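A.B. asks: Here's my sequence, what's the structure:
(one chain, ligands or ions: 1)
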Amino acid sequence: MTEFVAELDGYLRRLFPIARSITGHGNRETLRILGEIVPLEVREVPSGTPIYNWIVPEEWNIRDAWIAGPDGRRIVDFRASNLHVVGYSEPVRGVLDWDTLKSHLHMHPGLPDAVPYRTSYYRRTWGVCLTQTQYRELEFLGGPFEVVIDSDFKCGALTYGEYLIPGKSSREVLLSCYICHPSMANDSLSGVLLTTFLARHIASLKNRHWSYRVVFVPETIGAIAYCARNEAAMKQIDLGLVITTVGGQGKFGYKQSFDPSHPINSMIEEVFRDAGLEFITYPFDIHGSDERQYSSQGFRINAATICRDRYYEYPYYHTSLDDLSFVTAKQIAETLDLYIGLIDKIEARRIYRNMIPNCEIMLSRHDLYPATGGAQRPELGGRSELDLILWLLFLCDGKLDIDHIAARLGIPPNELLSIGDRLVAKGVLEVV
Ligand code: ZN
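C.D. replies: Here you go, the predicted structure:
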């Protein structure tokens with residue numbers, strides 16, 4: 001268990017009430033608070049910017065909303081839950097009768113006490129989400145109702161955050177989470193917080209091999225904007241984690257990357273087995289989160305997700321019951337430990353490829369042939385360094401990872417890694 005639980009809990013409580021969407025001040029406020037944990041850069045993409053097949057929409061902000069009965073009492077009140085307003089609702093201020101109002105109301109079909117989460121980003125309309133009890137009360141009162149949605153649209157920007165953590169290698173691992181959900185804890189706030197704490201952990205690792213690109217984007221449109229703005233860098237990335245729904249109370253699981261044979265998937269299964277946890281395997285599916293963008297044909301990043309109560313799967317998904325009684329900092333920290341274990345594996349796992357595969361290389365030409373040969377070194381399992389150089393050149397085919405090679409040779413992986421990295425520096429191996 002990590003030592004971060006109390007700190008995580010503080011941020012969970014501060015961030016939960018903020019009204020977020022795909023654009024707007026709530027996202028800026030969220031990124032500003034996350035900036036207390038890691039030094040992320042906040043970027044703005046202006047409304048109207050073309051990004052591949054999409055256009056950055058107008059910025060939407062919401063201040064207040066309510067439906068008041070004939071006596072002026074607020075029956076539905078944005079101050080009680082920001083889920084009451086359909087995301088991207090146009091402003092409304094007027095007196096409506098019941099028949100007009102009810103066509104704009106949304107309830108959850110299965111959970112009478114839940115306010116559902118609804119959005120309408122690209123079709124201009126307005127709507128109010130409410131519990132079945134609130135609906136019945138409005139129906140009983142019959143109107144007229146004062147209806148106010150104090151929102152506005154403007155030519156503003158889409159806001160995202162990024163944090164680049166350099167490693168010894170310029171090759172990158174992508175970590176991505178989405179910041180566009182209002183007050184729901186498992187989807188997506190748990191993932192945002194886990195990503196931030198994981199990034200801080202990664203930044204503290206000494207001798208970090210990989211570089212990490214950590215992005216905080218509104219889902220879909222933000223990930224598309226990010227890819228468009230960072231196309232060349234994103235096309236170099238082979239490995240990613242889309243971090244969401246990590247704080248529920250149910251079973252752990254993971255969504256595989258699009259290529260089930262990619263090592264990210266076997267490494268995640270090893271993490272679960274190391275922790276002695278049962279887990280659900282969700283094969284790659286074209287629905288889901290921002291792996292849809294990162295794994296699209298142009299980028300083909302193998303992106304997986306470790307989750308606990310994955311989106312779609314838990315009954316409170318996309319409702320007001322996905323709250324801080326369902327999600328706790330301790331539950332998020334438990335999943336954070338799994339992600340930390342995975343990063344350890346990614347850091348330790350190295351796959352090399354021999355750059356000169358045709359016959360043996362001329363070692364002396366690369367300054368690899370020992371001037372005085374023959375010393376047997378106990379820390380290398382009694383083998384000579386020359387022996388291990390030859391084995392590495394023989395076995396590193398771009399597929400076998402260093403752990404397997406170390407097990408085959410019967411020596412600690414770290415000893416092989418230091419030799420392997422030397423061969424990379426000499427230009428005879430490359431890291432795959
Ligand atoms: Zn969602």
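A.B. asks: Pairing partners for Ile351 in the sheet, please.
C.D. replies: Bridge pairing for Ile351 (DSSP bridges) gives the partners Asp401.
A.B. asks: That one: neighbour count?
C.D. replies: Applying other Cβ atoms under 10 Å, we find 19 residues neighbouring Ile351. C-beta: built from backbone N, CA, C; applies to glycine.
A.B. asks: so what pLDDT did the nearest residue to Tyr282 once chain neighbours are set aside get?
C.D. replies: Spatially, and ignoring its direct neighbours in sequence, Tyr282 is nearest to Lys255 (4.3 Å; Cβ to Cβ, 6 or more residues apart in numbering). Looking at Lys255, its pLDDT stands at 98.
A.B. asks: same thing with Leu198?
C.D. replies: At Leu198, the model reports a pLDDT of 98.
A.B. asks: May I ask you to confirm that it is in contact with Tyr339?
C.D. replies: Yes - under the criterion of Cβ atoms under 8 Å, Leu198 makes contact with Tyr339 at 5.1 Å.
A.B. asks: what residues are shared contacts of these two?
C.D. replies: The contact sets of Leu198 and Tyr339 overlap at Ile243 (Cβ atoms under 8 Å, 6 or more residues apart in numbering).
A.B. asks: buried ones in stretch 124-140?
C.D. replies: 126-131, 134-135, 138 (16 or more other Cβ atoms under 10 Å).
A.B. asks: Which of those fall in strands?
C.D. replies: The strands, defined by DSSP state E, take in 128-129 from those.
A.B. asks: State the pair within the buried residues of stretch 124-140 that is farthest apart.
C.D. replies: The two members of these with the most space between them (Cβ to Cβ) are Trp126 and Thr131, at 18.8 Å.
A.B. asks: And the contacts of stretch 70-83?
C.D. replies: 17, 19, 62, 64-69, 84-85, 115-117, 128-130, 134, 137-138, 141, 143-146, 182-184, 319-320.
A.B. asks: now the end-to-end length of that stretch.
C.D. replies: 23 Å (Cα to Cα, to the nearest Å).
A.B. asks: Can you mark which positions in that stretch are buried?
C.D. replies: Of the residues in stretch 70-83, 75-76, 78, 81-83 count as buried by neighbour count, 16+ other Cβ under 10 Å.
A.B. asks: what about it, distance to the chain center?
C.D. replies: Taking Cα atoms, centre = their mean, to the nearest Å, the mean C-alpha location of stretch 70-83 is offset from the chain mean by 33 Å.
A.B. asks: ditto for stretch 334-345
C.D. replies: Taking the mean of its C-alpha atoms, stretch 334-345 sits 14 Å from the chain's own mean (Cα atoms, centre = their mean).
A.B. asks: Check stretch 116-134 too.
C.D. replies: The answer for stretch 116-134 is 26 Å, by Cα atoms, centre = their mean.
A.B. asks: could you flag which of the contacts of stretch 70-83 are buried?
C.D. replies: 19, 62, 65-69, 84-85, 115-117, 128-130, 134, 138, 143-146, 182-184, 319-320.
A.B. asks: Next step: those restricted to strands.
C.D. replies: Judged by DSSP E, the buried ones among the contacts of stretch 70-83 include 62, 65-68, 128-129, 145-146 as members of strands.
A.B. asks: so which pair among these is furthest apart in space?
C.D. replies: Farthest pair in these, by Cβ to Cβ: Ile62 and Phe145, 19.1 Å.
A.B. asks: Correct me if wrong: Ile264 contacts Ile306.
C.D. replies: No - using Cβ under 8 Å, Ile264 is not in contact with Ile306; the gap is 10.3 Å.
A.B. asks: neighbour-wise, which of those two wins?
C.D. replies: Neighbours per residue (other Cβ under 10 Å) separate Ile264 from Ile306, with Ile306 holding more: 26 against 23.
A.B. asks: That one belongs to a helix, doesn't it?
C.D. replies: No - counting by DSSP: H, G, I helix; E, B strand; the rest coil, Ile306 falls outside a helix, being strand.
A.B. asks: Test my guess that it contacts Lys251.
C.D. replies: No - with contact defined as Cβ under 8 Å, Ile306 and Lys251 do not form a contacting pair (11.8 Å).
A.B. asks: Show me where this structure dips below the pLDDT cut-off.
C.D. replies: Within the chain, the ranges that satisfy pLDDT under 70 run 1-2, 371-379, 381-382.
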